[in-house]
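>>> Pasting a predicted model and its sequence here:
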Amino acid sequence: LAPWVPVVGLEIHAQISSNSKLFSGSQVQFAAPPNSLVSFFDASLPGTLPVLNRRCVEAAVMTGLALNCSINKKSLFDRKHYFYADLPAGYQITQQRVPIAVNGSLSYSLCIDNKMSQMVTKTVRIKQIQLEQDSGKSLHDDTRSQTLVDLNRAGVGLMEVVMEPDMCCGEEAAAAVRELQLILQTLGSSQAVMAEGQLRVDANVSVHHPGEPYGVRTEVKNINSIRFLAKAIDYEIQRQIEELENGGTILNETRAFDSKLGCTVPMRDKEGKQDYRFMPEPNLPPLILYDAKSLPANMNHQQVINIDWIHERLPDLPSVKRKKLVEQYGILPEHSFTLLNEEGLAEFFESVVKQTQMKPKKVIGWILKDLLSYLKQHSLTVKESPVSSFVLADLLNLLEKKEISSTAAKQVLAELWKGEGKTPLEIVKEQKLELLQDQKELEQICQAVIDGHKNEVIMMVLG
Amino acid sequence: AALNGGLRSQVSAALKEGRVAPTELCQRCLALIKSTKFLNAYITIAEETALKQAEESEERYKRGSQPLGILDGIPIAVKDNFNTAGIETTCASNMLKGYISPYNATVVQKLLDQGAVLLGKTNLDEFAMGSGSTDGVFGPVRNPWSYSKQYKEKSVPKPHPEDEESSWVITGGSSGGSAAAVASFTCFAALGSDTGGSTRNPAAHCGVVGLKPTYGLISRHGLIPLVNSMDVPGILTRCVDDAAVLLGSLAGHDPKDSTTIQDDFKPFELPNLADVSKLSIGIPKEYHAPGLSSEILALWSKAADLFKNAGAKVVEVSLPHTPYSIVCYHVLCTAEVASNMARFDGLEYGHRSDMKDSTESLYAATRREGFNDVVRGRILSGNYFLLKQNYEKYFVKAQKVRRLIANDFVKVFRSGVDILLTPTTLRDAAPYTEFIQEDNRTRSAQDDILTQAANMAGLPAISVPTALSERGLPIGLQFIGRSFQEKQLLTVAKWFEKQVQFPLIQLEEVKRHDSDVFQHQKSASFS
């Protein structure tokens, strides 16, 4: 049987982290009472007009720069028409013709064969980033045959990030999305929490034989976590392969991932073959961005966005941070990868390192093995850790000064997890875990043991 | 006091000097509205709030504190496609019957902030689609001139009174209610809208001044859109000076409307132009359009001679793409209409059908019940042009043609011409019974031909009442100016207005009501 080459592309919608919406002044807030954050424009009251939110544009520029994109100095807004209860105007304002950023790339790391020690770097091309409006939410109440519409989310700014079909499986897609998530969170352009709907991922999946043209692709939606993303993609790849090997065909359709059953199912024809009748948005002039070269001298800099100015102020991206951690502390790349993968863990590590004489190369073991596994076991975030960096550093100092053994340290740590507020030293004293340094005292103890176990000694001497 | 005279020179002065009180003005206007009800110019009369506004204005004048401006205490009417908080806004459609907007359009707010008294909302073609003000759900608007001595004198006496009744003529459209309101003295100025000529056309038919400002000069926030890329708020007044006053109150950047220009706007008073010898007037030959009445053609020629004899340079120019503007407009207008009307689904506001089977059927029934044939027809056309397979062929093509039309004007203005002089309409106002023989689309296509191109190019244009036709009905001529050169445009228009001395309408109702307030004058001009 000829091998199959799976092809995976992604369409990611990231909610922009801003105080107000993309085209109106109403607030952006998660889980507010229904329809409490709706301006006249969001409700599509006739006669209202869109006004572009500067912060949203800056967020998109930052993200574009972080993803190595070309920022289009002139981009345009369009209307995408379809009728749905959560789309009050009957159209979404998006950027179909000329988006704000194009032709970028994202590098991400994968472990080969599940071994953390063997990491490989891959790249996925970013086709474009476009600004667009989020829709409201509709809840279908079948028992009462009604639909409840909440417009709080309608009009919130989104960045749609399109990743080219350069990925081959669920693992790659998951890793790419994870890296994007970290980048967005580092930039602050999106909080990118999937569970709160701030990051939504749709996957485009197809399979083909090497050397042949790409197969028909399906779109997979309704994926609520990175873990499910990998599962959904791998299932779909498998499903397509089986279908084709059994002589069937793949339909160009949209499928939903059912997390309970772990499979994809065809969706009701929601967007299928719709003609969106794209039209330029006549109420918004072209979006013009400047850089240091093109910025006119007399322009009020509060009125314009300067791409170079934003570039200069970008924070260190995760890939840069990882390199710095490796260089600064002599830890392994896979260590720094894990450090950045957990929110707050890198900061925790650095904080401990500052407060202890123990070498970072040794500290990292305590962080990644002991601390992290404990947190995972109890489903806690670093922020929620009952053991603070100060306390851990304190403990590691005792170990470093050889006042306790490594085994004892683990025992103390176990006690510290209880979060009863005792200091490491107090626990050491309580449980008499001090390492004995006094030679004479040691001899006395050994002698006492030998004396107390005369029979065993005789057995041992006799062999 | 001659209160049908200019706002700045006469009415405002009278208010300041206490010769007349704002409440008095307001009450007289309200009474006149009642007695001219048969015109059907108003959809909603905001009597209570108007009187309250008048009282507040009166307080300001009494206290001797500075009035808010020239418009303080002046009764104004607003076309019913502008949002007015707390006052019904219907767009003459079933879709918005009973709709009370929670906010004021920027232009409405500006008027109120300056103390204007908002009398009510005027009638129009449904959603501003039409050129007769005959296709709204509240019925057609009647041209006040139908009841003028001038028209009656010229019409063949009818054997039966019913025929008399049915010989009334249309106002033109779509801002017919506003034009009729100004022409019948029920208000001192009115807001209209202009997308293809909707302010200038009824102004010409009703014998009032109709100004279409440059696109981007006046905010559209709160104006329920027809074609976002062409709509402008329009100004209807009894003289050109008054149009300048209104323009001064309304123009300027609005952060709520991203298509308004950022530049500061300085309100201006119009000079009394004595010398037109430095002026170059262009006569575009394509505006000698098929169907142009010989009467209007002659009047246009006479007007050109007027300028020539006064020393101006009058040249024939060409705007070669003019004949394409109607089909181009049709594509672009219907496309934007299809888009703009998509929000009317009955969910958030407006009419909602009882059909409950599904969301789709609710939408379909709501829109069928809420919109008239004209609106639905344009939506269907527009959606057709926006289909993926048609977009390049129609929409993009039309945008390109639009660019050519706009460039025609650029070329002509660059060649040294200051102002263009053209007719506004093909003929004087038709009788209603004749007008409705053809459908809305046909009429719009015919009637928009002379006004439409200015909207394509975003240029300012004004219709000035010029003379009465053989039937005793008003004919207006149009001036088109350069972008944002309203001062020059209005200055020339004012000079022309003075030359032609258009007669005052002689209306029985007005005479009866306000003999001691509204005096008759031989002309509407003043120094």
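Right, received. Where do you want to start?
>>> Only C-alpha atoms from now on, for both contacts and neighbour counts.
Noted.
>>> Show me what from chain B comes close to chain A.
Neighbours of chain A within chain B, by C-alpha under 8 Å from any C-alpha of the partner chain: B:82-83, B:105, B:220-225, B:228-229, B:255-259, B:339-340, B:342-344, B:347-349, B:359, B:383, B:386-388, B:391.
>>> ok, the residue lying closest to B:Pro225 once chain neighbours are set aside - contacts?
Distance criterion C-alpha to C-alpha, 6 or more residues apart in numbering or on different chains; nearest residue to B:Pro225, sequence neighbours excluded, is A:Gly47 at 6.2 Å. With C-alpha atoms under 8 Å, 6 or more residues apart in numbering or on different chains as the criterion, the residues that contact A:Gly47 are B:Phe82, B:Asn83, B:Ala105, B:Arg220, B:His221, B:Gly222, B:Leu223, B:Ile224, B:Pro225.
>>> residues near the last one, how many?
Just to be clear, that refers to B:Pro225. B:Pro225 has 26 neighbouring residues, counting by other C-alpha atoms under 10 Å in any protein chain shown.
>>> which residues touch it?
Applying C-alpha under 8 Å, 6+ apart to B:Pro225 gives the contacts A:Pro46, A:Gly47, B:Asp231, B:Asn340.
>>> So the second one, which state does it fall into?
Here A:Gly47 takes the coil state, with states given by DSSP: H, G, I helix; E, B strand; the rest coil.
>>> Return the distance of it relative to A:Asn283.
In this structure, A:Gly47 and A:Asn283 are 11 Å apart, going by C-alpha to C-alpha, to the nearest Å.
>>> remind me which residues of chain A are low pLDDT?
Judged by pLDDT under 70, chain A has its weakly predicted residues at A:1, A:114-116, A:268-272.
>>> same thing but 80
Low-confidence regions of chain A, defined here as pLDDT under 80, cover residues A:1, A:112-118, A:268-273, A:300-302, A:432, A:435-438, A:441, A:463.
>>> Can you pull the domain assignment for it?
As given by the TED database, the domain ranges for chain A are A:5-288, A:318-431.
>>> before we move on, the earlier item: for the contacts of A:Gly47, pick the one with the most neighbours.
So for the contacts of A:Gly47 (other C-alpha under 10 Å), the most neighbours sit at B:Asn83, 33 neighbours.
>>> wait, what's in contact with that one?
With C-alpha under 8 Å, 6+ apart as the criterion, the residues that contact B:Asn83 are A:Gly47, B:Thr89, B:Ser101, B:Tyr103, B:Asn104, B:Ala105, B:Val108, B:Gly222, B:Leu223, B:Ile224.
>>> Please flag which of these sit within helices.
For the contacts of B:Asn83, membership in helices holds for B:Val108, with DSSP state H as the criterion.
>>> Three-state assignment for the nearest residue to A:Ala346 once chain neighbours are set aside, please.
Counting by C-alpha to C-alpha, 6+ apart, A:Leu339 is the residue found nearest to A:Ala346 once chain neighbours are left out, at 4.8 Å. Look at A:Leu339: counting by three-state DSSP, its state is helix.
>>> Quick check: the gap between A:Leu339 and chain B.
46 Å (C-alpha to the nearest C-alpha, to the nearest Å).
>>> and that residue, what is it in contact with?
A:Leu345, A:Ala346, A:Phe349, A:Leu368.
>>> Please name every helix or strand in contact with the helix or strand hosting the third one.
If I follow you right, that is A:Phe349. Secondary structure assigned from DSSP states H and E places A:Phe349 in helix A:345-355. Under the contact definition 3 or more C-alpha pairs under 8 Å, 6 or more residues apart in numbering or on different chains; DSSP states H and E, helix A:345-355 sits against helix A:333-341, helix A:360-365, helix A:389-400.
>>> Name the residues of it that come out as buried.
Applying a neighbour-count criterion of 16 or more other C-alpha atoms under 10 Å in any protein chain shown, the buried positions in helix A:345-355 are A:Leu345, A:Ala346, A:Phe348, A:Phe349, A:Glu350, A:Ser351, A:Val352, A:Val353, A:Gln355.
>>> Give me the residues contacting that helix.
Applying C-alpha under 8 Å, 6+ apart, the contact partners of helix A:345-355 are A:336, A:339-340, A:359-360, A:363-364, A:367, A:382, A:389-390, A:392-394.
>>> Then stretch A:455-463?
Taking contacts as C-alpha under 8 Å, 6+ apart, the residues outside stretch A:455-463 that touch it are A:Ile450.
>>> Over to the residue of the stretch 1-150 of chain B found nearest chain A: give its phi and psi.
With C-alpha to the nearest C-alpha, the shortest gap between the stretch 1-150 of chain B and chain A falls at B:Asn83, namely 7.2 Å. Dihedral angles of B:Asn83 (phi, psi; degrees, to the nearest 10) stand at phi -70, psi 130.
>>> go on, A:Val193?
phi -90, psi 120.
>>> Run a quick neighbour tally on residue 358.
If you meant another chain, say so; for now it's chain A. Applying the criterion other C-alpha under 10 Å, we find 18 residues in the vicinity of A:Met358.
>>> should've been chain B
12.
>>> again, but for A:Lys137
Burial of A:Lys137 is recorded as 17 neighbouring residues (other C-alpha under 10 Å).
>>> Kindly state the beta-bridge partners for it.
Legend: beta-bridge partners of A:Lys137 under DSSP bridges are A:Asp150.
>>> Roughly how far does it sit from A:Arg144?
For A:Lys137, the distance to A:Arg144 (C-alpha to C-alpha) stands at 18 Å.
>>> ok, back up a step: from the contacts of A:Leu339, which is closest to B:Lys400?
Set against B:Lys400, the nearest of those by C-alpha to C-alpha is A:Ala346 (57.0 Å).
>>> any idea how far A:Ile364 is from that closest one?
To A:Ile364, A:Ala346 is 10 Å away according to C-alpha to C-alpha.
>>> State the pair within the contacts of A:Gly47 that is farthest apart.
Across those, the two members that end up farthest from each other (C-alpha to C-alpha) are B:Ala105 and B:Pro225, 11.8 Å apart.
>>> Can you tell me the SS state at A:Val201?
Recorded secondary structure, A:Val201: strand (three-state DSSP).
>>> wouldn't it be in contact with A:Leu10 here?
Yes: using C-alpha atoms under 8 Å, A:Val201 is in contact with A:Leu10, at 6.8 Å.
>>> quick one on the thing from earlier: point out the most buried one among the domains of chain A.
For the domains of chain A, the stretch with the most neighbours on average is domain A:5-288, a mean of 19; neighbours defined as mean count of other C-alpha atoms under 10 Å in any protein chain shown.
>>> Work out the gap between that domain and the centre of the chain.
On the basis of C-alpha atoms, centre = their mean, to the nearest Å, the separation between the geometric centre of domain A:5-288 and that of its chain is 14 Å.
>>> got a list of what the one residue in the stretch 201-350 of chain A that gets nearest to chain B touches?
Of the residues in the stretch 201-350 of chain A, the one nearest chain B is A:Arg277, at a distance of 4.9 Å by C-alpha to the nearest C-alpha. Going by C-alpha under 8 Å, 6+ apart, A:Arg277 touches A:Lys80, A:His81, B:Asn383, B:Leu386, B:Leu387, B:Lys388, B:Tyr391.
>>> Could I have the buried ones of the residues you listed as PyMOL selection syntax?
Buried residues within those, by 16+ other C-alpha under 10 Å, are selected in PyMOL with:
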select buried, (chain A and resi 80+81) or (chain B and resi 383+386+387+391)
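>>> State the pLDDT value of B:Asn4.
Looking at B:Asn4, its pLDDT reads 53.
>>> A:Val461 versus the residue in the stretch 301-450 of chain B positioned nearest to chain A, what's the distance?
Chain A sits closest to B:Arg343 of the stretch 301-450 of chain B, with a gap of 4.1 Å, by C-alpha to the nearest C-alpha. Using C-alpha to C-alpha, one obtains 97 Å as the distance from B:Arg343 to A:Val461.
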